[in-house]
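Undergrad: sequence and predicted structure are below.
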Amino acid sequence: FPVTILVGMSLISINDTSKASNFDLLANQDTALPGLTNNSDKSITVEITASGQWSLLSPDFATSDPSLTHYKVAVDADGYPTPEKESEYILKYPKLNPGVLVGEIKNAQGETKHLVSGKKQRFELQPNETVSFGINDSPQYFGDNFGKVTIAYSIVPKVEPNKESQPIIDLYNTGVDNSRNALGDSVVDPHYTLTSSP
């Protein structure tokens with residue numbers, strides 16, 4: 001795939017015929033975030049699945065503070081459970097779980113439209129829209145994160161509406177009347193005319 005580099009993001013250009021692929025996201029990566037951009041002229045639906053584990057603190061981070069030690073335990077891209085009480089730890093996306101994989105969808109003007117999160121995501125990208133991925137952490141603490149996830153993505157094929165065959169109501173066999181009953185001998189067929197030409 002051609003790679004388009006924008007400020008702060010490393011984007012892979014995709015369209016509705018792109019093949020499935022994957023890329024890595026490091027837990028401590030807070031710049032040049034990987035993502036996808038729709039370079040086609042129609043909307044596309046993307047599915048992603050993230051595998052691997054990461055943590056908001058590396059295993060050798062020195063702390064005995066019980067409110068922090070559980071962040072040394074590696075989790076998948078669904079992140080840690082929601083804390084029971086509000087923490088002083090200010091997350092980049094406060095309404096989402098700590099350590100969750102976040103996809104930030106932006107329009108062509110670079111404005112955030114909405115967020116998707118978790119290790120399995122399905123979303124639509126309009127033409128020229130982008131999605132960039134990151135871990136939900138406090139921006140000042142990215143350097144302490146540990147591990148990575150691999151994000152596999154695929155384009156969901158458009159399904160054409162089911163065009164079931166419909167009977168043609170006004171189609172008749174030859175030699176029948178409007179009720180589809182057989183005509184008698186020498187009766188003119190009401191639906192067909194026999195013509196001849198040289």
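TA: Ah, there it is.

Undergrad: neighbours of the nearest residue to residue 174 once chain neighbours are set aside, how many?
TA: Closest residue to residue 174 apart from its sequence neighbours, by CB to CB, 6 or more residues apart in numbering: residue 192 at 5.3 Å. Where C-beta positions appear, they are placed from N, C-alpha and C, glycine not excepted. Using other CB atoms under 10 Å, residue 192 has 11 neighbouring residues.

Undergrad: now residue 192: how far from residue 15?
TA: Residue 192 sits 50 Å away from residue 15, going by CB to CB, to the nearest Å.

Undergrad: do the same with residue 175
TA: With the distance defined as CB to CB, residue 175 ends up 55 Å from residue 15.

Undergrad: do residue 73 as well
TA: From residue 73 across to residue 15, the span is 40 Å (CB to CB).

Undergrad: would you put the C-alpha positions of stretch 191-198 in CSV?
TA: What follows is stretch 191-198, C-alpha atoms only, in CSV (Å, rounded to 0.1, in the frame of the first residue of the first chain):
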residue,chain,number,x,y,z
HIS,A,191,-51.7,-12.1,-25.9
TYR,A,192,-49.8,-13.0,-29.0
THR,A,193,-50.0,-12.1,-32.7
LEU,A,194,-48.5,-14.4,-35.4
THR,A,195,-47.0,-12.4,-38.2
SER,A,196,-44.9,-13.4,-41.1
SER,A,197,-42.3,-11.6,-43.2
PRO,A,198,-40.4,-12.4,-46.4
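
Undergrad: what residues are up against residue 123?
TA: By CB atoms under 8 Å, 6 or more residues apart in numbering, the contact set of residue 123 is 45, 46, 103, 105, 116, 131.

Undergrad: of those residues, which pair is most distant in space?
TA: Distance extremes for the contacts of residue 123: the farthest pair is 45 and 103 at 13.3 Å, using CB to CB.

Undergrad: the two: which is more packed in?
TA: Neighbours per residue (other CB under 10 Å) separate residue 45 from residue 103, with residue 103 holding more: 22 against 14.

Undergrad: that one: which element?
TA: strand 101-106 (DSSP states H and E).

Undergrad: strand partners of the very next helix or strand once past that strand, parallel vs antiparallel please.
TA: Using DSSP H and E, the next helix or strand after strand 101-106 towards the C-terminus is strand 112-117. In the sheet, strand 112-117 lines up against strand 101-106 (antiparallel) (DSSP bridges).

Undergrad: how distant is the strand it pairs with from the center of its chain?
TA: Put simply, strand 101-106 sits 10 Å off its chain's centre (CA atoms, centre = their mean, to the nearest Å).

Undergrad: in it, what counts as buried?
TA: The neighbour-count check on strand 101-106 (16 or more other CB atoms under 10 Å) flags 101, 102, 103, 104, 105, 106 as buried.

Undergrad: which residues in the protein form helices?
TA: With DSSP state H as the criterion, the chain has helices at 66-69.
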